[in-house]
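Asks: Pasted the sequence and its predicted model underneath.
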Amino acid sequence: MSDVNGNGKFLVGIYDDDDVVLSAVKEVKGAGVRIQEVYSPFPIHGLDVALGHPRSRLGIAAFLFGLSGTLTALALTYYTEGFDWPMIVGGKDSYSPVIYVPIIFELTVLFCALGMVGTFLISNGMGPTVKPLMYDLRTTDNKFAMAIDLSKNNIGEGDIEQILRKSGAAEVNIKQF
Amino acid sequence: MASAHAIPSLDEEFEFTADSKRRLMIGIGAGVALVAIGAYLLASGVGSHETHVVHEAGAGAHEGGGHHAYKWTNRLWANVWLNAVYFAGASVIGMFFISYNYLAQAGWSSAFKRIPEALPAFLPFTGIAILAVFFLAGHDLFHWLNPALFDPSSAEFDPIINGKKGFLNMPFYLTRIVLYFALWYMMWRVIRNYSIQEDLEGGTEYYDKSIKLGTAFLLVFGVTSSTSAWDFVMSIDTHWFSTMFGWYTLASWHVTGLAIITLTVVSLKEKGYLKIVNESHLHDLGKFMFAFSIFWTYVWFAQFMLIYYANLPEETIYYRERFSGFGGIYKAPFFVTLFLNFVCPFLILMTRDAKRTYIILKLAAWCIIIGHYFDFYVNIMPGTVGEHGGFGPIEFGMILIFACGFIWSVSSQLTKANLIPKNHPMLVETLHHDI
């Protein structure tokens, strides 16, 4: 989800261990705090479930990109070989979808792959000119960060800090964008 | 261990109930009755007139042109052969599955490991059926068994088939067939014993041994899966050959085996067994079926397209026979194969939820199991019975006999060991399998 394009004041809890951050997510959520996102150097199993993220719709996007590739290939091969410039090769029909299956397959894969790369860049706010938001640089190395958008929580800043520390945060920082 | 969910009991004894035994007996009985009816219909129908011709041929008279006259029994034997090849493949895939899972040191599959492990017990029956058909009716089914083809002085001398003499000759062929079944079955017996010993004694000794044996089996199967495909299926159309045929048959057998494993796991879960198998295991099995259906289609299509594109008469005849030859009777099964083996699993199993739903998994598994029967039907029947083929009581009956026998064999194997490999070193991993 495109929760990354944050704006405003954030409280960032820094954790040292993936098991701790996973149990902290449940604890913090249980205390009624709304978590913006958790950042980790590597995928943590079960984190998306614990955060309650809705299921990714990437599969649907992939299917539609692939389908557009299939249709493009069908249209391309039909227009060129079946309509614009029919040719007879090896005594076979000038247009037979059978011989174009490799093209149809390859364009399906190509459209799907390029489409997914584009989707990934857009949904993660990682376009070429976009300056990425870093809640804490150390999440690319060995730390785990839990970001909490203060404007989206009714609980006071001091209370949230208490909750984060209690859940095992090694430090709690304030980050302003 | 951080997770809090309780681990279900690991002691599960499969019970092969008297009721299911009775139903399987009825199935076999019905199959025998259907075959008898079919045989009677064939013997009293079109077949009788042609039997006469065969008697003359048997007396030594060689008519020009036709190599073997058709007898109604050909269809009976061709059906036994078809089912034996199909179920031999489905059985040996059980061994193949556990072998590559050992080699990959896969943990997730150990939860239901006893199911693939139970499949190869049916191998001796299919082996006997194949040898019996070969001895009783080989000359009617296999064109290359006609000695005149290899005799330069004969009018029937065939230089192309003579060129294949080094491989397609009676002693070597028989040796190979016996060797396949002996190797497959023996290696399975050993790995099965390791597995049962491991249940009793524990430790990692049997696991290490199984990895070695599984790897050896994969080497053996890497060669024998291809050569057995040539022997069992491709040698029927003696002139024709395809370099993709070994792969193609392996793909067909493999996805059938995976569908049978999935179907068995789901059925056992529905009966309350295999409590440790969770949605993630089913999801992975679903992915397996999905992926290997596409793999089969890929090989099928690669073989078809090369032949279509090259347009060489000696190659296209294979598809010509199936597409429009013999009065077009093989056109329907030809397309049913593609529909059931590609379109159905592809669309049914595409979504994540589908792979986690019992009924949808079962539907896809049945499509694949039936579809690959037709795959072998389309490959075997045109070369053995030609225009006398069809789909009647004899086909249904033979499927019933073999299928019920196969289910019986698998069920009785499942009773012989605890349904969960209690001391498998990867058991903890499979208990927590989560994707």
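Replies: In hand now; what should we look at?
Asks: Leaving out chain neighbours, which residue sits closest to the residue of chain A found nearest chain B?
Replies: Residue of chain A nearest chain B, by Cβ to the nearest Cβ: A:G90 (5.1 Å). Backbone N, C-alpha and C define where each C-beta goes, glycine included. Distances taken as Cβ to Cβ, 6 or more residues apart in numbering or on different chains put B:N311 closest to A:G90, at 5.1 Å, once the chain neighbours are dropped.
Asks: Read off the pLDDT value for the one you found.
Replies: Listed pLDDT for B:N311 reads 86.
Asks: my guess is it contacts A:K92, does it?
Replies: Yes: using Cβ atoms under 8 Å, B:N311 is in contact with A:K92, at 7.1 Å.
Asks: Buried ones in stretch B:284-299, by neighbour count?
Replies: B:284-286, B:288-290, B:292-294, B:296-299 (16 or more other Cβ atoms under 10 Å in any protein chain shown).
Asks: Please save the CA atoms from it in CSV.
Replies: Provided in CSV are the C-alpha atoms of stretch B:284-299 (Å, rounded to 0.1, in the frame of the first residue of the first chain):
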residue,chain,number,x,y,z
ASP,B,284,1.9,-25.6,-2.4
LEU,B,285,0.3,-28.8,-3.8
GLY,B,286,-2.0,-26.6,-5.9
LYS,B,287,0.9,-24.6,-7.2
PHE,B,288,2.6,-27.9,-8.1
MET,B,289,-0.4,-29.0,-10.1
PHE,B,290,-0.7,-25.6,-11.7
ALA,B,291,3.0,-25.4,-12.6
PHE,B,292,3.3,-28.9,-14.0
SER,B,293,0.1,-28.6,-16.0
ILE,B,294,1.7,-25.6,-17.8
PHE,B,295,5.0,-27.6,-18.1
TRP,B,296,3.1,-30.4,-19.8
THR,B,297,1.4,-27.9,-22.1
TYR,B,298,4.8,-26.4,-22.9
VAL,B,299,6.3,-29.7,-23.9
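Asks: Averaged pLDDT, that stretch. What do you get?
Replies: 96.
Asks: Now for the one residue in the stretch 251-400 of chain B that gets nearest to chain A, how many residues are close by?
Replies: Closest approach between the stretch 251-400 of chain B and chain A, counting by Cβ to the nearest Cβ: B:N311, at 5.1 Å. Counted with other Cβ atoms under 10 Å in any protein chain shown, residues neighbouring B:N311 total 12.
Asks: ok, now which ones touch it?
Replies: For B:N311, the contact set (Cβ atoms under 8 Å, 6 or more residues apart in numbering or on different chains) comprises A:90-92.
Asks: coming back round to it: any idea how far the residue nearest to A:G90 lies from B:A251?
Replies: According to Cβ to Cβ, to the nearest Å, B:N311 stands 25 Å off from B:A251.
Asks: With B:L131 instead?
Replies: Taking Cβ to Cβ, one finds B:L131 at 26 Å from B:A251.
Asks: Could you do A:R165 as well?
Replies: Going from A:R165 to B:A251 by Cβ to Cβ gives 57 Å.
Asks: between those two, who's got more neighbours?
Replies: With neighbours defined as other Cβ under 10 Å, A:R165 and B:A251 compare such that B:A251 has more, 24 against 13.
Asks: Might you list the low-confidence residue ranges for the chain?
Replies: No chain in the question, so chain A it is. Flagging of chain A using pLDDT under 70 yields the residue ranges A:1-7.
Asks: my bad, the chain I had in mind was chain B
Replies: B:1-7, B:46-68.
Asks: and it, which residues reach chain A?
Replies: For chain B, the contact set with chain A under Cβ under 8 Å from any Cβ of the partner chain comprises B:2, B:301, B:304-305, B:308-309, B:311, B:350-352, B:434.
Asks: same thing but 10 Å
Replies: For chain B, the contact set with chain A under Cβ under 10 Å from any Cβ of the partner chain comprises B:2-3, B:298, B:301-302, B:304-305, B:308-311, B:350-353, B:432, B:434-435.
Asks: Quick check on those: which are buried?
Replies: Buried among the residues of chain B next to chain A by 16+ other Cβ under 10 Å: B:298, B:301-302, B:304, B:308, B:432.
Asks: Looking at these, which is nearest B:G246?
Replies: Closest approach to B:G246 among these (Cβ to Cβ): B:A302, at 12.9 Å.
Asks: hang on, that closest one packs against B:F245?
Replies: No: with contact defined as Cβ atoms under 10 Å, B:A302 does not reach B:F245; the gap is 11.4 Å.
Asks: Overlap of the contact sets of these two?
Replies: By Cβ atoms under 10 Å, 6 or more residues apart in numbering or on different chains, B:A302 and B:F245 have no common neighbours.
Asks: Can you give me the neighbour number for A:E106?
Replies: A:E106: 12 neighbours (other Cβ under 10 Å).
Asks: what helix or strand does it sit in?
Replies: Take DSSP states H and E as the rule and A:E106 turns out to sit in helix A:101-123.
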